[in-house]
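**Q** Provided below for reference: sequence and predicted model.
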Amino acid sequence: MSQQDAITSVKRFWEAVAARDFETCARHLADNVVRIGPRQMEDDTIEGREAYLEFLVRVISAMPGYRNVTHDLTASPDGSRVYIQCTEWSSPGSGSAQEVEVPLCMVCDLDAAAKITKIDIYWKTPTTSVDWTLADQVLAD
């Protein structure tokens with residue numbers, strides 16, 4: 001896979017998150033995708049496409065003002081890894097209209113079909129807590 005194919009796949013996924021287009025998100029994720037949250041805790045890790053999509057739907061739907069902006073994308077020479085520097089605007093609680101700016105970087109591993117197999121998230125600590133977005137809390141019923 002080329003660097004450009006890898007970058008395009010990750011870019012389309014990230015744009016689909018902002019657009020709340022979860023069908024497009026799904027097309028860019030491998031069945032066995034692993035999402036490692038920024039807190040480096042087991043309960044902020046999600047395994048599997050369906051579980052990750054459920055997380056995205058719940059979190060993004062609970063934030064009326066959610067948006068993201070991409071600042072830079074780069075790929076490894078073989079296209080197996082993409083680095084994306086971006087900013088998200090989250091909220092301090094489910095349903096809150098207040099915005100919290102969260103600068104972050106994601107490291108995305110891709111398979112030969114340009115599907116994302118791993119998303120590892122690194123962020124600068126927000127000035128307002130967004131702890132309600134912890135994966136286990138979001139996915140708990």
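**A** Cool, got the structure. Numbers count the residues shown, from 1 in each chain.

**Q** Now for residue 129, how many residues are close by?
**A** 11 (other Cβ atoms under 10 Å). All C-beta spots, glycine's among them, are computed from the backbone N, C-alpha and C.

**Q** can you check the one 10 residues further on too?
**A** Using other Cβ under 10 Å, the number of residues around residue 139 comes to 15.

**Q** Ok, residue 133 next?
**A** Residues near residue 133, counting by other Cβ under 10 Å, number 23.

**Q** Could you pull out the buried residues of the strand or helix carrying residue 32?
**A** Assigned by DSSP states H and E, residue 32 falls within strand 29-36. Buried residues in strand 29-36, counting neighbours by 16 or more other Cβ atoms under 10 Å, are found at 29-30, 33-36.

**Q** and residue 85, what does it touch?
**A** For residue 85, the contacting residues are 70-73, 104-105, by Cβ atoms under 8 Å, 6 or more residues apart in numbering.

**Q** Neighbouring strands - and their directions - for the next helix or strand after the strand holding residue 32?
**A** Next along the chain after strand 29-36, taking DSSP H and E as the criterion, comes strand 45-47. With DSSP bridges as the test, strand 45-47 is paired with strand 29-36 (antiparallel).

**Q** Please put the alpha-carbon coordinates of the partner strand into PDB.
**A** Provided in PDB are the C-alpha atoms of strand 29-36 (Å, rounded to 0.1, in the frame of the first residue of the first chain):
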ATOM      1  CA  LEU A  29     -11.800  -0.100  10.300                       C
ATOM      2  CA  ALA A  30     -10.600  -3.700  10.300                       C
ATOM      3  CA  ASP A  31     -12.800  -6.200  12.100                       C
ATOM      4  CA  ASN A  32     -10.200  -6.600  14.800                       C
ATOM      5  CA  VAL A  33      -9.400  -2.900  15.300                       C
ATOM      6  CA  VAL A  34      -8.000  -2.000  18.700                       C
ATOM      7  CA  ARG A  35      -8.500   1.500  20.000                       C
ATOM      8  CA  ILE A  36      -6.100   2.500  22.900                       C
END
